[in-house]
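Q: One predicted model, sequence on top.
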Amino acid sequence: MANTLQQMSASIGTAILVTLVSMGIKSFEPEAPATNEVIGQQAQVVG
């Protein structure tokens, strides 16, 4: 019985997590497209 409850709670938790992540991905929009100049500056900083 305990194993069944653990499996059910893990499944529900995973479903909630996947739902939240997918909602976050759908609402994400980059501020501005990266230009070659911005990419070059980031490449210099990251090195």
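A: Yep, that arrived.
Q: And the strands in this protein, which stretches?
A: Per DSSP state E, the chain carries no strands over any range.
Q: quick one, helices of it?
A: For the chain, the helices defined by DSSP state H cover 2-27, 36-46.
Q: Could you list the low-confidence segments of this protein?
A: Counting by pLDDT under 70, the ranges of the chain that qualify are 30, 32, 46-47.
Q: returning to that earlier point: pipe the helices of the chain into CSV and attach mean neighbour count per row.
A: C-beta here means a position set from N, CA and C on the backbone, and glycine is covered the same way. Formatted as CSV, these follow (neighbours: other Cβ atoms under 10 Å):
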stretch, mean neighbour count
helix 2-27, 9
helix 36-46, 9
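Q: can you count the residues close to E31?
A: By the criterion of other Cβ atoms under 10 Å, E31 has 5 neighbours.
Q: What distance do you get for it to A43?
A: Taking Cβ to Cβ, to the nearest Å as the measure, E31 falls 19 Å from A43.
Q: Could you do G13 as well?
A: 40 Å.
Q: Pick out the residue nearest the middle of the chain.
A: V21 (5.3 Å; Cα atoms, centre = their mean).
Q: what about that one, distance to T14?
A: 11 Å.
Q: now do N3
A: 16 Å.
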